[in-house]
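Build me a structure from this.
(one chain, ligands or ions: 2)
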Amino acid sequence: MDQPPTPKRLDSFSERTCWVCFATEEDEPGSDWTCPCMCRGATKWVHQVCLQQWIDEKQKGSSSIDVSCPQCQYPYQILYPSASPFLVCYEYLNRAITFSAPMILAGLTASSIYWVSFTYGIAVATVSLGRERSIAFFGNPESSILALTLPLLPWAVLSVKLVRLEVQALKFWYRFISPALYSLAKRIPILKSMATGHNPQKKFMAAPVAVLPFLSRCLLGTFSLPLIASTIGYALSYILKSQSSLRRTLLGGSIYLLLSYIAKISIEHHRGRLVGASPPTMATDYNFP
Ligand SMILES: [Zn+2]
Ligand SMILES: [Zn+2]
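Ligands and ions are numbered 1, 2, ... in the order given. Purely as a prediction, here's the structure:
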């Protein structure tokens, strides 16, 4: 109102610049312009299409989100064409699904994990106890507690795998057992020459592992353990003539774990390195492993 007529005319024609795409009236003649907020001057103009796109980006598909001008903060009044009841219902349904989808997905994932864990627990129990005893076991009304304890089984096995017992054993060896052996050897005349030149402060450092292959190996190892244990146990039953399924599986599992940990420890010892050792020569390093 208080602006002189000449600038107003210029403002409405040649000085219009879209604050979204920075194009002027001359750049894109014939496009639809709008000034939807309280901004003044050249910056108040924006292309209708540009503003629509900008609002769509801000709302990310949810028309219930309020959008305001980034400069004057005036809330845009968005008028949607009147929709049929069907479309309105669809929009509400769509919003409800979008809102609850992450929670539903999380719930489904959690229940899948629970059921896989539970099935694993049942498989372990069936394999270990044998068919008859496991039926009696699960038929017990007291066994509702099993629904809580069985699913924990695979996680217990997995966590043992994840801490890498072989690495912990080697660390323990080099921290406590190895120094004790060296100090003992120093006191025994025949072994004295072998123990000299050693640094008892040696520490074991595990070789780094790639996370994803390691995790998938741990998972696979966890899920195959009952099968391997029962297979070895079954094979041993021909030699031992043991009738107890539980004893067979436990024996099979123990033998398998013992052998696999011996292999793992020797591989880990070979791959890892010792830190803090005085000149590591082959002769001294391998006298006392
Ligand atoms: Zn524009
Ligand atoms: Zn504004």
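
now the longest helix along the chain: how far from the chain's centre is it?
If you go by DSSP state H, the chain has its longest helix at helix 85-129. Its chain's average C-alpha position is 18 Å from that of helix 85-129, according to C-alpha atoms, centre = their mean, to the nearest Å.

That helix packs against which elements?
Applying 3 or more C-beta pairs under 8 Å, 6 or more residues apart in numbering; DSSP states H and E, we find helix 85-129 packed against helix 131-139, helix 146-149, helix 152-162, helix 211-240, helix 245-271. Every residue, glycine included, has its C-beta placed from N, CA and C.

Flag every residue of the stretch 1-150 of the chain that's near ligand 2.
37, 39, 69, 71-72 (C-beta under 5 Å from the ion).

Minimum distance to ligand 1: which of the helices and strands packed on helix 85-129 has it?
Ligand 1 lies closest to helix 211-240 among the helices and strands packed on helix 85-129, at 46.0 Å (C-beta to the ion).

Give me the neighbour count for residue 125.
Residues within reach of residue 125, counting by other C-beta atoms under 10 Å, total 20.

In contact with it, which residues?
Residues near residue 125 by C-beta atoms under 8 Å, 6 or more residues apart in numbering: 134, 137-138, 146, 150.

Next one, pLDDT for it please.
With respect to pLDDT, residue 125 scores 80.

next one: the one 5 residues further on
Residue 130 carries a pLDDT score of 77 in this model.

Now it: closest residue in space that isn't a chain neighbour?
Excluding its sequence neighbours, the residue lying closest to residue 130 (C-beta to C-beta, 6 or more residues apart in numbering) is residue 245, at 3.3 Å.

quick one: that neighbour and residue 128 touch, right?
Yes - counting by C-beta atoms under 8 Å, residue 245 does reach residue 128; the two are 6.7 Å apart.

Now for residue 126, how many residues are close by?
Residues near residue 126, counting by other C-beta under 10 Å, number 18.

quick one: contacts for it?
Per C-beta under 8 Å, 6+ apart, neighbours of residue 126: residue 134.
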